[in-house]
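**Q** fold the following, please.
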Amino acid sequence: MKGQTPRNRGLVRVLSILRTIERGNWIGLDALADEYRVSTRTIRRDLDTLEAAGYPLRKRESPNEPSFWKLERETS
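**A** Take a look at the predicted model:
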């Protein structure tokens, strides 16, 4: 993420994550953390931020696998 100040780095990351999950495919926390070079904890906070902003995220998890996320498509 070129040319960013520490002040806006988090916002740019959250918006980039939103673009990634808008594609409609399930994506894992580990993959997002690797892509954005942050911890999975940071990714969880970013996803919480998106949910708090009203984006309908869907989480898929099982006991022996990592969590996967995607943006829930609205159906009318």
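**Q** next, the buried residues of the helix or strand hosting Asn8.
**A** Assessed by DSSP states H and E, Asn8 sits inside helix 6-21. By 16 or more other Cβ atoms under 10 Å, the buried positions in helix 6-21 come out as 13-14, 17-18, 20-21. C-beta here means a position set from N, CA and C on the backbone, and glycine is covered the same way.
**Q** reformat those as JSON lines; add pLDDT and distance to Arg60.
**A** Listed next are those as JSON lines, based on pLDDT from 0 to 100; distance: Cβ to Cβ, whole Å:
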{"residue": "Arg13", "pLDDT": "95", "distance to Arg60": "22"}
{"residue": "Val14", "pLDDT": "95", "distance to Arg60": "21"}
{"residue": "Ile17", "pLDDT": "95", "distance to Arg60": "17"}
{"residue": "Leu18", "pLDDT": "95", "distance to Arg60": "18"}
{"residue": "Thr20", "pLDDT": "92", "distance to Arg60": "16"}
{"residue": "Ile21", "pLDDT": "92", "distance to Arg60": "12"}
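**Q** if you skip the residues just before and after it, what's nearest to Glu22?
**A** Leu71 (5.3 Å; Cβ to Cβ, 6 or more residues apart in numbering).
**Q** report how many residues lie close to the one you found.
**A** Leu71: 19 surrounding residues under other Cβ atoms under 10 Å.
**Q** same check, this time on Ala52
**A** Using other Cβ under 10 Å, Ala52 has 8 other residues around it.
**Q** quick one, phi psi at it?
**A** The phi and psi values for Ala52, taken as degrees, to the nearest 10, are phi -60, psi -30.
**Q** per-residue confidence at it?
**A** Looking at Ala52, its pLDDT stands at 96.
**Q** which residues are contacting stretch 33-51?
**A** The contact list for stretch 33-51 (Cβ atoms under 8 Å, 6 or more residues apart in numbering) reads 10, 13-14, 16-18, 20, 29-30, 32, 57, 69.
**Q** ok, back up a step: and the next element down the chain from the helix holding Asn8?
**A** Helix 6-21 is succeeded, C-terminally, by strand 27-28 (DSSP H and E).
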